[in-house]
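**Q** Quick one: sequence and predicted model below, then my questions.
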Amino acid sequence: MAYLPRVLLLLLLTALLTRDTSAVLPPGFSTFFASARCPDGWFDEPSSAGRLIVSVADGAESGVTVNRPLKDQEDREHQHPYSLSLNLPVKHIAAIDCCDSHGACAGSYPLAGFTSNHTSGLPFTQLILCTVNHTHPDNAHLFAPFSAVAYFPGSLSCPAHWQPLPEAQGRVLLPGTDRIGLLQSPHAPLASGQLPTHVHDFVATLNVSTQSYAGVDGCCNDELGEAGSYRLPSVASVASSNLPYIQLLTCINQNQTFDSALPVDTYLFSESGCAPGWNTSLELLGRFPVANPTLGLPGAAFGGSSLSPLETSAVNHTHLVSGTIELPDCEVGLISGCCSSGYAVTGPVHFLSTSAPAPVDIPFVWLPLCSQTTPTGSPPSSPPSSPGF
């Protein structure tokens with residue numbers, strides 16, 4: 001009977017080493033890759049090309065797109081409309097309405113225009129986004145580790161043993177580290193199809209030159225305006241950064257194993273940190289992933305500097321604001337000269353200012369992004385218990 005314990009041990013080892021078939025990558029599984037093209041048995045996700053990925057928990061909202069796709073290494077520009085009004089007060093003079101035309105009329109002078117163009121200033125990286133071909137024979141034994149986070153375009157709900165990641169709803173997944181963990185930016189999540197918008201305050205200072213007359217201040221001509229420096233606090237209207245995104249169903253793996261088998265160039269977001277056989281992708285830390293545009297260079301980093309770990313405020317940017325108000329003339333029955341002064345001069349009044357800084361308000365959530373250090377990961381091992389799972 002000495003053989004019995006060895007048989008039982010063999011059966012036990014077989015059970016431990018046999019992978020649960022539920023752990024096999026489900027149809028629609030999509031993730032980023034470090035390579036220049038999708039590996040064999042995977043295909044590009046074309047509707048995502050040139051777009052940020054905004055996570056959603058409801059598959060009915062998946063596939064919604066906003067704005068046109070980016071070109072290769074494009075940080076799109078945007079501008080803001082603005083409007084303001086110069087109110088030129090009356091400065092009285094003792095004169096009739098004829099015939100010197102150097103003075104400007106009192107009154108309200110509205111002006112509308114646009115700020116200069118400016119990019120978002122966000123840090124980006126272009127990455128290939130690939131979807132597994134579930135029917136390809138090479139993919140029958142591919143599987144992801146516990147807490148892996150993936151996109152599922154075209155799916156109405158998360159597959160079996162996967163569940164939505166509510167903290168990512170309406171947000172872009174931003175590559176982080178185990179030390180950062182899951183950390184949301186303070187911006188409110190985007191509603192389905194919502195344009196991310198922002199505003200800028202600015203101050204327009206208009207210096208209206210002075211005109212003197214050979215006359216006296218006083219009654220009873222109230223046509224002329226008063227010269228001086230006019231400071232007009234204003235707001236450039238709400239506008240979109242024009243950055244494009246696509247909403248994709250985003251799910252987290254609940255299969256209780258750290259074992260994994262994926263192509264060597266795979267990037268994986270992970271809610272609980274990188275599994276054995278995976279390391280944090282420090283080269284992508286703090287950069288917004290853009291699904292590689294048509295004719296884009298995979299892996300190209302562009303835009304601003306990477307966000308620092310734990311930073312939850314997006315990068316600020318400013319706009320130049322300029323304009324010209326034309327002041328019409330009001331004739332008075334005096335000649336220009338001494339000694340009545342302080343009257344506004346007719347003609348153009350220019351201003352140029354820089355807006356207050358503001359971010360583009362792209363809501364995001366820091367999440368560890370992991371890259372594989374070995375082609376097939378580590379032997380099966382059970383993950384530690386995680387609250388809420």
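**A** Yes, it's here.
**Q** Give me the below-cutoff pLDDT ranges for the stretch 151-300 of the chain.
**A** 213-222 (pLDDT under 70).
**Q** any chance you could map the strands in it?
**A** For the stretch 151-300 of the chain, the strands defined by DSSP state E, counting those that start in this stretch cover 162-164, 172-176, 183-184, 197-208, 210-213, 228-240, 245-253, 267-270, 278-280, 288-291.
**Q** of all those, which lies closest to D75?
**A** For D75, the closest of these is strand 288-291, at 9.8 Å, according to C-beta to C-beta. Bear in mind the C-beta positions are built from the backbone N, C-alpha and C, glycine included.
**Q** Show me what secondary structure element comes after that closest one.
**A** Later in the chain than strand 288-291, the nearest helix or strand by DSSP states H and E is strand 301-303.
**Q** Give the rounded mean pLDDT of that next one.
**A** If you average the pLDDT over strand 301-303, you get 96.
**Q** For it, name the packing helices and strands.
**A** strand 123-132 (3 or more C-beta pairs under 8 Å, 6 or more residues apart in numbering; DSSP states H and E).
**Q** Neighbouring strands of the strand it packs on in the sheet, and parallel or not?
**A** Sheet pairing of strand 123-132 (DSSP bridges) gives strand 30-33 (antiparallel), strand 42-44 (antiparallel), strand 288-291 (parallel), strand 301-303 (antiparallel).
**Q** Isn't P233 up against L84?
**A** No. With contacts defined as C-beta atoms under 8 Å, P233 does not count as touching L84, sitting 9.0 Å away.
**Q** and those two? which has more neighbours close in?
**A** L84 (22 against 9; other C-beta atoms under 10 Å).
**Q** right, so of the strands of the stretch 151-300 of the chain, which gets closest to D40?
**A** So among the strands of the stretch 151-300 of the chain, strand 267-270 is nearest, using C-beta to C-beta, at 17.6 Å.
**Q** Name the residues that touch the closest one?
**A** 31-34, 127, 144-145, 147-150, 173, 175, 262, 278, 281, 284, 367-372 (C-beta atoms under 8 Å, 6 or more residues apart in numbering).
**Q** And it, how far out from the chain middle?
**A** Here the centre of strand 267-270 is set off from its chain's centre by 20 Å, with C-alpha atoms, centre = their mean, to the nearest Å.
**Q** Neighbouring strands - and their directions - for that strand?
**A** Strand 267-270 has its sheet partners listed here by DSSP bridges as strand 148-151 (antiparallel), strand 364-372 (antiparallel).
**Q** Kindly reformat the strands paired with strand 123-132 as a markdown table containing distance to T257 and mean neighbour count.
**A** A markdown table is the format used below for these (distance: least, C-beta to C-beta, whole Å; neighbours: other C-beta atoms under 10 Å):
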| stretch | distance to T257 | mean neighbour count |
| --- | --- | --- |
| strand 30-33 | 18 | 26 |
| strand 42-44 | 22 | 18 |
| strand 288-291 | 26 | 26 |
| strand 301-303 | 34 | 17 |
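**Q** which residues of the stretch 1-150 of the chain fall in strands?
**A** Going by DSSP E, counting those that start in this stretch, the stretch 1-150 of the chain shows strands at 30-33, 42-44, 52-56, 65-66, 77-78, 81-88, 107-114, 118-119, 123-132, 148-151.
**Q** Please save the CA atoms from the first one in CSV.
**A** The one in question is strand 30-33. The C-alpha trace of strand 30-33 is given here as CSV (Å, rounded to 0.1, in the frame of the first residue of the first chain):
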residue,chain,number,x,y,z
SER,A,30,-8.2,44.4,-24.8
THR,A,31,-5.1,46.0,-23.4
PHE,A,32,-2.1,48.1,-24.5
PHE,A,33,1.2,46.7,-25.8
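**Q** So what touches it?
**A** Contacts of strand 30-33 (C-beta under 8 Å, 6+ apart): 39, 42, 45, 127-132, 150-153, 248, 263, 265-269, 289.
**Q** and what of the fourth one?
**A** Outside strand 65-66, the residues within contact range by C-beta under 8 Å, 6+ apart are 47, 51, 193-195, 244-247.
**Q** switch to 7 Å and redo it
**A** Strand 65-66 is contacted from outside by 51, 193, 195, 244-246, using C-beta atoms under 7 Å, 6 or more residues apart in numbering.
**Q** Closest to T210 out of the residues you listed?
**A** T210 has its nearest neighbour among the contacts of strand 65-66 in L195, at 45.8 Å by C-beta to C-beta.
**Q** Next up, the contacts around that closest one.
**A** L195 makes contact with 66, 240 under the criterion C-beta under 7 Å, 6+ apart.
**Q** Quick check: it vs S241, distance?
**A** 9 Å (C-beta to C-beta, to the nearest Å).
**Q** How about Y343?
**A** Look at Y343 and S241: by C-beta to C-beta, they are 45 Å apart.
**Q** is S234 in a bridge, and if so with what?
**A** Beta-bridge partners, per DSSP bridges, of S234: F202.
**Q** how far away is it from H200?
**A** Noted for S234: a distance of 10 Å to H200, by C-beta to C-beta.
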